[in-house]
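Asker: Can you look at this prediction? I've put the sequence above it.
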Amino acid sequence: MKQLKRNSTRSKRSNVFALSIAAATAMTFSGILNAQDETSADTSRLEEIVVTARKRQESIQDVPLAVTAVTPGQLERGGIRNILDISKLIPNVELHQTSQGSHSLSPSIRGLSYDDIEKSIESTIGVAIDGVFMASNSGAVFDFFDVESVEVLRGPQGTLFGRNTIGGVINLQRTEPTGEWGAKLEATAGDEKMTDLKAVVNMPLGENGGVKIAVKDLQSDSHLYNITINDRRDYRDSQTASVSVKYDFTENTSAVFTYDDYDHNTTAPDIINTSPSGHALCGGNTTANCAVASSDISAAQDYRVSVQLLPLVATLKGENTSLKVTHNADNYQLKYIMGTMEYDELANLASWGTSGVMFPVTREQTFEQISHELQYISDLDGPMNFVAGLYYLDAESYITSGPIQNFTADHNLEATAIFGEMTYDLDDIYSVTLGARYTEEDKQLDSRSWALLDSANREADNRDATENQGQPTFSDDNISYRVVLQREFSKGMMYASYATGFRSGGFFNRGSTESELLPYSSEEVSSFELGMRSNPTDNSQVNLTFFSADYDDKQVQVIVAGDDPVCGKGTAENGVTCSFTRNAGQVSMSGIEFEGVLMPTDALTLRAAIGTFDGEYDEYDYDGVDISDKARLMYAPEVTASFVAEHTSEIAGGSLTVSGSFSFKDEVDTQAAWATYDPKTGPEVTIESYETIDLSATYLKDMGNGTLKLMVYGTDILEGGNRINRLYDAGSFSWAELVPRRQFGVTLGYEF
C-alpha cells in the first residue's frame, strides 16, 4: 500500500506540473498573439496540413480526433531519421525497439502498450504503410528518407482502421513516382562509424506513367564497448531496395505497384543482465549471471560498456508488395489496396548480458500476410458524405526454437471486416459523425514441445519425442463504433466523441505446456474525447484534447520461473521459464494533450506539445487474487513534453535553417510478474525520466540544375554515455537494453 500511495502522490504532482507547463505555454502563446495583434496586422501564415486520418483528404484542423502530422520538411530539418524519433514530438507517445526482434517496434500511446515479438500477440497500435496494415510489428522501425506524410492518430481507431488499433495508428505514406526525371541522393556519417547511404531516382514510363527506384545501405558499430572481448561489435548492416511503378490508365484511373526487398543483418547491441540474487539463474555458488557481474559494472561507467560474451543476433530478410488502384468519378472515389509481406527471422541469444553462456536460444521464424481492402469514398455536394469498405487479412507464422525449451508453433489468422463512417452537416455550425465496423476472425495454433536439453530445433513431424502438443482454436466477432458531435466557431472547431475498439484475443505461441497454450479473450477500450482545434490568427495554432478511457479484459503477458504454481503441472520439467497471457485487468485512464504552433515571423516557427496521463488498474486478477494495488501499467509516462524552435535565414546564396528541440519523458514501468514482484529485491523495472536536447543546422543552395543540402546534427547533446531504453523481467532472469545518448553526424545531399 505504501508503494501505491507513493505512485498516487507522484501522479498528482506530475499532473499538476504538466498542467502548469501547459497553462504557462498557452499564456505565452496568447501573450505573443496579443502583442502581434496590437502592433501589426501583417503576420505570417501557417501552411495548411492535409491528412488522411479518416480515409479522405482533409485539413488537419477539420478532423475531430487527436492526430499529429509531421511534415517531410520537419523530418529533414529536425534530423528525425526514423519512426522511433517522432515520439519526441508527440504527446503521450512512447516508441522503442526490441533487441530480440530485428527492426521490431514496441509502441505505446496513451498507456496502451505492446512490448513483445510474438506474431500471435497482437499490438495495441496499428502501423500502416502506403495504406497496408501490418499484421506484425517486425520490420516496422521505418526510415523516413522517402516519406510523403507521417500521421499519428491517438485513441481507438477501430471504425476505419480495424482490429488492434485501441491505442492509435501510425500511418505512413511514401512518395509516389513523379513520372519525370529526378533524383534525391544523400550520404550521412556519424558516431560509431555510422554510414547511411540513400538514393531515390524517378524516371518516366511513357507519357502516362513513372518508375521510382529507392535504395538504402546502413552500417554502424555498437555504441557499447565490450570489456570481455575488448572491442565494439558490429551493429547494423542493413540494405533495402524498392521499385515502384505508377501508371495512369485514364485521366481518372491510376495504379501504383511497389516491390520492397530488405535484408537487416543485425547484431543487436549487447544487453546487460539485471538479475538480482533471488532469480533462478542467478543462484548457487556463482554471481556470473547476476546484476553485480553485468549491469552494476556497466552503470559505474555511464552504461558505456558491457560484458556479454556472445553476440545477440536478430536478422530479418524478406520482401513486400503492394498494389493501389484508384478511380475518381464526379462524386466519389473508389480505391483498392492489396498488400503482402513475406520474411524470415533469426534470433540467436546465448549470453543474455553475462560473460558466459546462459539459457541459449536459437529461433527461426517465417511470416506471411496478404490483405485486401476496398474503399468507397463519397464526394457529394450535399450535407452528407461517407466512407464505406470491405477488408480481408490472412496471416501465418511458423517458429522453431531450442535447444533448452524446444518447441515449434504454427499460427494462422484470418480476419474479415465491413466498415463505414458517415458525416452529416446539421447546419452551418453543427455536424455529426457516425461510424461502425464489424469484424470476424479465426485463429489456429499447432504447438509441439520436447524435453528439456533435447536437441535443438526438432521438426514437428518427429512426434515420437513430443512431450506436449496443443492445437487450440480461437474465434471472435466484434462491432466497433464511433459517434462525434462537432461544432464550428469563427477560429476553429470543437468536438465531443465516443469511440470503441478491440484488440484480438488468441494464444501465446511461446508457451510449451497446456496451461500456457490456453486461449485468451479479446480486450476492448471505450474512449470519450473532448477536443478543440483552433487558429487564433493566421500564424498560430492551438489544439487541446481531453480523453478518458475504460480498458476492459486487458491482456497481460506474464513471464515467470518455470516452477511457479500458476504455470501448471510439468512446466518445471520442460523449461526454466513460463510464458502466458490472461485477461487479467480492468483499467481507467485519462489525460490532457496540448499542441501549439506559432510563427512570429516568416523566419521563425515555434512548436510545443505537452501530454499528461493518469492510469491505474481497477482490477488485476492473478490466479484468483486481485493484485491491482501492486500492478502498474507498462510504458505509460505521466508527463511528456516537447518544445521546438526553427529559424531560417538567407546566407551565402542559400538558406540556413537552425532547429533546436527539447523533449521530456517521465519515468515508466516495464514488464514484471506483479503477483510475486518485490520492489525491495528487484529486479529494477522502472526506467527513470530523462530529457534530450537536439540541434541541427540545414543549409540548402540552388545550384541551377538542382539543390545542394548540407546538414550537421547532434542528438541529446548535453548527455554522454548511454541510457536504459527497455527493461524486461523474464521470471528466471532479467535484462536491460541500452541506447546511445549524445550522437553527432553530418549529411550531404543533392536533389534534382
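Answerer: Perfect, I can see it now. Residues are numbered from 1 along each chain as shown.

Asker: only C-alpha atoms for contact and neighbour calcs from this point on.
Answerer: Noted.

Asker: wait, is Gln74 part of a helix?
Answerer: Yes: counting by DSSP: H, G, I helix; E, B strand; the rest coil, Gln74 falls inside a helix.

Asker: what's the neighbour count on it?
Answerer: If you count neighbours by other C-alpha atoms under 10 Å, Gln74 ends up with 13.

Asker: How about the one 3 residues further on?
Answerer: For Arg77, the count of nearby residues is 22 (other C-alpha under 10 Å).

Asker: And for the one 5 residues further on?
Answerer: Using other C-alpha under 10 Å, Asn82 has 13 other residues around it.

Asker: What's the separation between it and Val484?
Answerer: Asn82 sits 33 Å away from Val484, going by C-alpha to C-alpha, to the nearest Å.

Asker: Over to Gln173?
Answerer: According to C-alpha to C-alpha, Gln173 stands 26 Å off from Val484.

Asker: So for these two, which sits in the more crowded spot?
Answerer: Using other C-alpha under 10 Å, the more surrounded residue of Gln173 and Val484 is Val484, with 21 against 18.

Asker: Contact partners for the more buried one?
Answerer: Residues near Val484 by C-alpha atoms under 8 Å, 6 or more residues apart in numbering: Pro64, Val432, Thr433, Leu434, Tyr495, Ala496, Ser497, Tyr498.

Asker: Same question for Arg174.
Answerer: Contacts of Arg174 (C-alpha under 8 Å, 6+ apart): Ile129, Asp130, Asp146, Val147, Glu148, Ser149.

Asker: hmm, 10 Å instead?
Answerer: Contacts for Arg174 (C-alpha atoms under 10 Å, 6 or more residues apart in numbering) come out as Ile129, Asp130, Gly131, Phe144, Phe145, Asp146, Val147, Glu148, Ser149, Val150.

Asker: Number of residues surrounding the first one?
Answerer: In other words, Ile129. Neighbour count of Ile129, defined by other C-alpha under 10 Å: 18.

Asker: tell me the average confidence for stretch 650-666?
Answerer: Averaging pLDDT along stretch 650-666 yields 96.

Asker: what's the answer for stretch 362-379, then?
Answerer: 96.

Asker: ditto for stretch 72-87
Answerer: If you average the pLDDT over stretch 72-87, you get 87.

Asker: residues touching the closest residue to Thr366 other than its chain neighbours, list them.
Answerer: The shortest distance from Thr366 to any residue other than its chain neighbours is 4.5 Å, reached at Asp344 (C-alpha to C-alpha, 6 or more residues apart in numbering). Listed by C-alpha under 10 Å, 6+ apart, the contact partners of Asp344 are 263, 315-319, 364-368, 397-398.

Asker: Quick check: which element contains Asp344?
Answerer: In the assignment (DSSP states H and E), Asp344 maps to strand 332-349.

Asker: Which stretches in the stretch 401-550 of the chain count as strands?
Answerer: 407-425, 430-449, 468-470, 473-489, 492-503, 523-534, 540-561 (DSSP state E, counting those that start in this stretch).

Asker: Worst mean pLDDT among the ones you listed?
Answerer: Set side by side, these differ in mean pLDDT, and strand 468-470 is lowest with a mean of 82.

Asker: Assign a three-state SS to Thr296, would you?
Answerer: Quick fix: residue 296 reads Asp, not Thr. helix.

Asker: Could you give the number of residues near it?
Answerer: The burial count for Asp296: 16, using other C-alpha under 10 Å.

Asker: same deal with Leu205?
Answerer: A count of neighbours around Leu205, defined by other C-alpha under 10 Å, yields 17.

Asker: go on, Glu737?
Answerer: Based on other C-alpha under 10 Å, the number of other residues close to Glu737 is 21.

Asker: got it, and Asp446?
Answerer: Residues near Asp446, counting by other C-alpha under 10 Å, number 18.

Asker: just to revisit the earlier point, by neighbours, which of the contacts of Val484 wins?
Answerer: Pro64 (24 neighbours).

Asker: Report the contact partners of that residue.
Answerer: Pro64 neighbours (C-alpha under 10 Å, 6+ apart): 53-54, 433, 484-487, 493-497, 529-533.

Asker: Go again with 7 Å.
Answerer: By C-alpha atoms under 7 Å, 6 or more residues apart in numbering, the residues touching Pro64 are Tyr495.

Asker: Check for me that it belongs to a strand.
Answerer: No: using three-state DSSP, the secondary structure at Pro64 is coil, not a strand.

Asker: And Pro740, how far from Glu345?
Answerer: Distance from Pro740 to Glu345, by C-alpha to C-alpha: 25 Å.

Asker: what pLDDT does the closest residue to Leu312 other than its chain neighbours get?
Answerer: Computed as C-alpha to C-alpha, 6+ apart, the closest residue to Leu312 that is not its neighbour in sequence is Leu349, at 5.1 Å. On pLDDT, Leu349 comes in at 92.

Asker: Please narrow the contacts of Asp344 to those residing in strands.
Answerer: Under the assignment DSSP state E, the contacts of Asp344 contribute 263, 315-319, 364-368, 397-398 to strands.

Asker: which residues does the residue nearest to the spatial centre of the chain contact?
Answerer: Most central in the chain under C-alpha atoms, centre = their mean is Pro107, positioned 3.5 Å from the mean C-alpha point. When contacts are counted by C-alpha under 7 Å, 6+ apart, Pro107 touches Glu94, Leu95, His96, Ser113, Tyr114, Ile125.

Asker: cool, and Pro383?
Answerer: Counting by C-alpha under 7 Å, 6+ apart, Pro383 touches Tyr424, Asp425.

Asker: Kindly provide the distance from it to Asn468.
Answerer: Using C-alpha to C-alpha, one obtains 61 Å as the distance from Pro383 to Asn468.

Asker: coming back round to it: pick out the most distant pair among the contacts of Arg174.
Answerer: For the contacts of Arg174, the maximum inter-member distance is 17.9 Å, found between Gly131 and Phe145 (C-alpha to C-alpha).

Asker: Mind giving me the packing neighbours of the strand ranked longest in the chain?
Answerer: The longest strand of the chain (DSSP E) is strand 577-601. For strand 577-601, the packing partners by 3 or more C-alpha pairs under 7 Å, 6 or more residues apart in numbering; DSSP states H and E come out as strand 540-561, strand 604-622.
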